[in-house]
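> fold the stuff below for me.
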Amino acid sequence: MINGVHALLFNRDPDGVRAFFRDVLGLPSVDAGGGWLIFALPPAELGVHPTEGPPQHELYLMCDDIEATVEELKGKGVVFTKPIADERFGLATSFSIPGGGELALYQPKHPTAIPNAAG
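So this is what the prediction gives:
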């Protein structure tokens, strides 16, 4: 039986991203050996969307209060690449991670499969 999700980020600065997840986002981790950190994530859900183009995957971090979360992360030096936008599915923005690339952050408007999450 499936009991979790293991997501992968490929990046030119893996040590920087690991430090960012550990020190800035505060995600707990275990060392799988040699400093290779595996991070625990908050509860997750998976949506499946139609596409006319090639298949793709996206990773969004979720929060209950996007304004407060953005301010907290800005206070830790996180650089946001997009203003908060009101999308059909929720309030969304993106921020830079070390080594290039971005992660999306959103506050859902829809019902969520995560117990006690906003939606």
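> how distant is stretch 27-41 from the center of its chain?
Distance of stretch 27-41 from its chain centroid, counting by CA atoms, centre = their mean, to the nearest Å, is 16 Å.
> my bad, should have said stretch 42-58
With CA atoms, centre = their mean, you get 14 Å for stretch 42-58.
> check contacts around K74.
F80 (CB atoms under 8 Å, 6 or more residues apart in numbering). For every residue, glycine as well, the C-beta is placed using N, CA and C.
> tell me which element it falls in.
Following DSSP states H and E, the helix or strand that holds K74 is helix 66-75.
> okay, and the beta partners of L91?
Beta-bridge partners for L91, by DSSP bridges, are D86, Q107.
> that one and V30: what is the separation?
Separation of L91 from V30 (CB to CB, to the nearest Å): 32 Å.
> which residues sit against the helix or strand containing L103?
Assigned by DSSP H and E, L103 belongs to strand 102-108. By CB under 8 Å, 6+ apart, the residues outside strand 102-108 that reach it are 58-66, 69-70, 81, 87, 89-97, 117-119.
> buried subset of the residues you listed?
60, 62-63, 66, 69-70, 90-95, 97, 117 (16 or more other CB atoms under 10 Å).
> of the residues you listed, which is the nearest to T51?
Y60 (16.3 Å; CB to CB).
> burial of the nearest residue to the closest one once chain neighbours are set aside, as a residue count?
Distances taken as CB to CB, 6 or more residues apart in numbering place A104 nearest to Y60, at 4.4 Å, with adjacent residues excluded. Neighbour count for A104, taken as other CB atoms under 10 Å: 15.
> pLDDT score assigned to A104?
Listed pLDDT for A104 reads 96.
> against V78, how distant is it?
13 Å.
> for A19, state which of the buried ones among the contacts of strand 102-108 is nearest.
I97 (10.5 Å).
> surely the closest one and N11 touch.
Yes - applying CB atoms under 8 Å, one finds I97 in contact with N11, separated by 7.1 Å.
> show me what contacts A40?
So A40 contacts L27, P28, S29, V30 (CB under 8 Å, 6+ apart).
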